[in-house]
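J.: Here's my sequence, what's the structure:
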Amino acid sequence: MKYAELEKIYHQPFFDLLKQARNIHETYWPEDEVQLCTLLSIKTGGCSEDCSYCSQSARHDSGLQTERLMSCESVMERARAARENGSTRFCMGAAWKGVRSGTKRFDEVLGIVRDVSALGMEVCVTLGELGPDEAVALKDAGVTAYNHNIDTSPDHYPNIVTTHTFQDRLNTIRNVQDAGMSVCCGGIVGLGEDVSDRLKMLEVLSEFNPHPESVPINSLMPMPGTPLADSPPVDVFDVVRLIAVARIAIPKAKVRLSAGRKSLSDEGQALCFFAGANSIFYGDKLLTGGNPSVQRDLALMEKLGLVPQQPDRSLQAPHPDGDRERMPQGCAVLKP
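T.: The predicted structure follows:
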């Protein structure tokens, strides 16, 4: 979907926008289901990248304690607990620039993936940049989705990260899709961007072919010691509008109400669900930040009549035209 159309949709009167988004949501997602995802940092801190929002960067004096790759036994303990609490997707993140085949740490990650996959949950990982061989290896080990956010618009991206390019992100996404994995790809609001940056980000996402399987919408959680530590909070109505436009632009994707939920009221979250969000991170902690308690989430879901979505181990990425070789105009940037 092109920017001009997204801009027109976004700037509708608020209730008109919600009505349009809700109609599309009910067409493609008729059940009152929410995907419950648990996120675990399996290797924390010490990252060589300079992402200005991230406390895990070794370039920022955030005070975060660096931790090595968790043992498989420790990860499995957390994965089993997540499954028992109702999570259907287990997401594992490692603070690396990327991974390479043949290295000890990548082999260890593949072993962890195989064991978690055996629990019957959807398995998502975010490990930084991937080449074609690494993507295939992760798919073969049992990864169902790979998270690699584009964060913001191509124009604003260099203001946020300088140690890799926007095109580097797209190259990894292309490798993931070529390997047959679904892509989990979204962005962050509150990075000093304006509305046009948010819509240009959605323009890029909506032109992926195939579309992302899920689109996380994160609100910046300012971390001490990072360049964005003093960033002001994003208005909840701006978050709701972005979720609504994401639902309209990428109707078959799960739209995940991600980081920043702890600062949202129940009423604010309810608006997000009404606008088209149907996935959340579930559990008391994200990679390094806080999250609403399990009890609060379950209570809110009960109030709203929402139920957990069952896992889908045969995930197929949503696809706009049924023929991935027919790349729509504007997707040339996806080619490495």
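
J.: so how far is stretch 185-198 off the chain centroid?
T.: Put simply, stretch 185-198 sits 14 Å off its chain's centre (Cα atoms, centre = their mean, to the nearest Å).

J.: List the buried residues of that stretch.
T.: 185-193, 197-198 (16 or more other Cβ atoms under 10 Å). The C-beta positions use only the backbone N, C-alpha and C, and glycine is treated the same way.

J.: Closest to residue 305 out of those residues?
T.: Closest approach to residue 305 among the buried residues of stretch 185-198 (Cβ to Cβ): residue 186, at 25.7 Å.

J.: Could you report the separation of that closest one from residue 52?
T.: Residue 186 sits 18 Å away from residue 52, taking Cβ to Cβ, to the nearest Å as the criterion.

J.: Also residue 251?
T.: 32 Å.

J.: what's the answer for residue 128, then?
T.: Distance, residue 128 to residue 52, using Cβ to Cβ: 17 Å.

J.: hmm, back to that, for residue 5, state which of the buried residues of stretch 185-198 is nearest.
T.: Relative to residue 5, and with distances defined as Cβ to Cβ, the nearest of the buried residues of stretch 185-198 is residue 198, at 14.5 Å.

J.: surely the closest one meets residue 189?
T.: Yes - using Cβ atoms under 8 Å, residue 198 is in contact with residue 189, at 6.2 Å.

J.: what residues are shared contacts of those two?
T.: Contact criterion Cβ atoms under 8 Å, 6 or more residues apart in numbering; residues shared by residue 198 and residue 189: residue 242.

J.: SS state for residue 112?
T.: Look at residue 112: counting by DSSP: H, G, I helix; E, B strand; the rest coil, its state is helix.

J.: average pLDDT across stretch 275-289?
T.: The average pLDDT within stretch 275-289 is 75.

J.: And for stretch 81-99?
T.: 89.

J.: Tell me the buried residues in it?
T.: 82-83, 87-96, 98-99.

J.: For residue 112, give me its contacts.
T.: 42, 72, 75-76, 92.

J.: Kindly provide the distance from it to residue 214.
T.: Distance, residue 112 to residue 214, by Cβ to Cβ: 21 Å.

J.: One more: residue 67?
T.: Residue 67 sits 27 Å away from residue 214, going by Cβ to Cβ.

J.: These two - which one has more neighbours?
T.: residue 214 (27 against 13; other Cβ atoms under 10 Å).

J.: Dihedrals phi and psi, the nearest residue in space to that one that is not next to it in sequence?
T.: Leaving aside its chain neighbours, residue 214 sits nearest to residue 254 (4.0 Å; criterion: Cβ to Cβ, 6 or more residues apart in numbering). Main-chain dihedrals, residue 254, degrees, to the nearest 10: phi -70, psi 130.

J.: doesn't residue 35 make contact with residue 254?
T.: Yes - using Cβ under 8 Å, residue 254 is in contact with residue 35, at 5.6 Å.

J.: Pull up the overlap in contacts between the two.
T.: Counting by Cβ under 8 Å, 6+ apart, the common neighbours of residue 254 and residue 35 are 214, 278-279.

J.: What about these, which are in strands?
T.: When DSSP state E defines the strands, the subset of the shared contacts of residue 254 and residue 35 inside them is 214, 279.

J.: Closest one of the shared contacts of residue 254 and residue 35 to residue 305?
T.: For those, with residue 305 as the reference and Cβ to Cβ as the criterion, the closest is residue 278, at 13.2 Å.

J.: what's the spacing between that closest one and residue 32?
T.: For residue 278, the distance to residue 32 - Cβ to Cβ - is 9 Å.

J.: And these two? Which one has more around it.
T.: Between residue 278 and residue 32, residue 278 has the larger neighbour count (other Cβ under 10 Å), namely 24 against 14.

J.: what distance separates the start and the end of stretch 48-63?
T.: Criterion Cα to Cα, to the nearest Å; first-to-last residue distance in stretch 48-63 is 16 Å.

J.: Among the buried residues of stretch 81-99, list the two that are farthest apart in space.
T.: 83 and 98 (28.7 Å).

J.: which residues of the stretch 51-200 of the chain fall in strands?
T.: Along the stretch 51-200 of the chain, the segments classed as strands by DSSP state E, counting those that start in this stretch run 89-94, 122-126, 145-147, 182-184, 187-189.
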